[in-house]
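Novice: what shape does this take:
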Amino acid sequence: MDILISAPPTSVEDHSAQLDSTQYTRESILKYEKIFGHNFISTGGIDTTREIVKSLNLQAGMKVLDVGSGIGGSAFHMAQEYGAHVHGLDLSHNMLGIAQERLQELNLNSHVIFEFGDILESAADSIYDVAYSRDAFLHIEDKARLFETLHRAIKPGGLLFFTDYCWGEGAHSVEFLEYVAQRGYDLHTVRDYGKLIEQAGFVEVHAMDKTELFGEYLHIELDKLPKDGSMPEIRKSWNEKIVRNQRGEQGWGWFMARKM
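Specialist: Below is the predicted model:
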């Protein structure tokens, strides 16, 4: 559940302060980490990260833009296992603070940097071999501008890969609609995401519905919670996600595409 990065009609700093004081307090981030695993706050933690990154054909020295880099798990994995140079961008000071602490512990400063910023304001032009993101684009409403920005940032022949929460196909319950509105999420179906990526100029677009896998990981993550009754709010949240997933309302997508 990596975090991001796109301000509503207020300043970027105002949006950042709102995120850091609500869903992404330091305490909340560390609770999420207990579910997703050390250095991760996205579905499947290191397991899905290994599988995904293996498909990117990273080589030593390649440049990766990690949008919504969270507390650094994906960036560290790409640097340690593949020798990639990773630029992590995030809008949460709390996320970045923890990521910087872990970066110093791992001594990966020569391969990983973390920066506060809004991806929509990026002026990067043909810099990165890969643009990567995990469960973060749901925070961005202007998807057309997002994918245009990422398309510009990637080198010709480079890859885009991201995962994100998605609408399930069909109708949605009032409860789920209220949840999405309360979170301020901007969701799309897996199919519609594929169309948005194509419209930005990407080719070889693969929009993969991983809703069933999402449900499997929700159960795995729920089992990781302490059995002493602590973290009741997290347990409640995960049980609600499981119900929504079983109803086909809350899905998950993996998306890969190439810049010509």
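
Novice: which strands and helices sit next to the one helix or strand residue 255 maps to?
Specialist: Using DSSP states H and E, residue 255 maps to strand 250-258. Strand 250-258 sits against strand 154-167, helix 190-199, strand 203-209, helix 211-223, helix 232-246, with contacts defined as 3 or more Cβ pairs under 8 Å, 6 or more residues apart in numbering; DSSP states H and E. (Glycine included, C-beta is placed from N, CA and C.)

Novice: list the contacts of residue 38.
Specialist: 46, 73 (Cβ atoms under 8 Å, 6 or more residues apart in numbering).

Novice: please begin residue numbering at 24 from this point
Specialist: Happy to do that; since the first residue is 24 now, the last one works out to residue 61.

Novice: look up how far residue 261 lies from it.
Specialist: Using Cβ to Cβ, to the nearest Å, we find residue 61 at a distance of 19 Å from residue 261.

Novice: ok, residue 84 next?
Specialist: 39 Å.

Novice: looking at the two, which is more packed in?
Specialist: Using other Cβ atoms under 10 Å as the criterion, residue 84 and residue 261 rank with residue 261 on top: 19 against 11.

Novice: the more buried one reaches residue 243, doesn't it?
Specialist: No. Between residue 261 and residue 243 there is no contact under Cβ atoms under 8 Å: 10.3 Å.

Novice: show me what residue 110 is bridged to.
Specialist: residue 88, residue 136 (DSSP bridges).

Novice: from residue 39, how far off is it?
Specialist: 18 Å.

Novice: mind listing what's buried along the strand holding residue 278?
Specialist: 273, 274, 275, 276, 277, 278, 279, 280 (16 or more other Cβ atoms under 10 Å).

Novice: so which of those is the closest to residue 100?
Specialist: Set against residue 100, the nearest of those by Cβ to Cβ is residue 277 (16.5 Å).

Novice: center of the chain, which residue is that?
Specialist: residue 157 (2.3 Å; Cα atoms, centre = their mean).

Novice: thought that one was touching residue 184?
Specialist: No. Applying Cβ under 8 Å as the test, residue 157 and residue 184 come out as separate, 9.3 Å apart.
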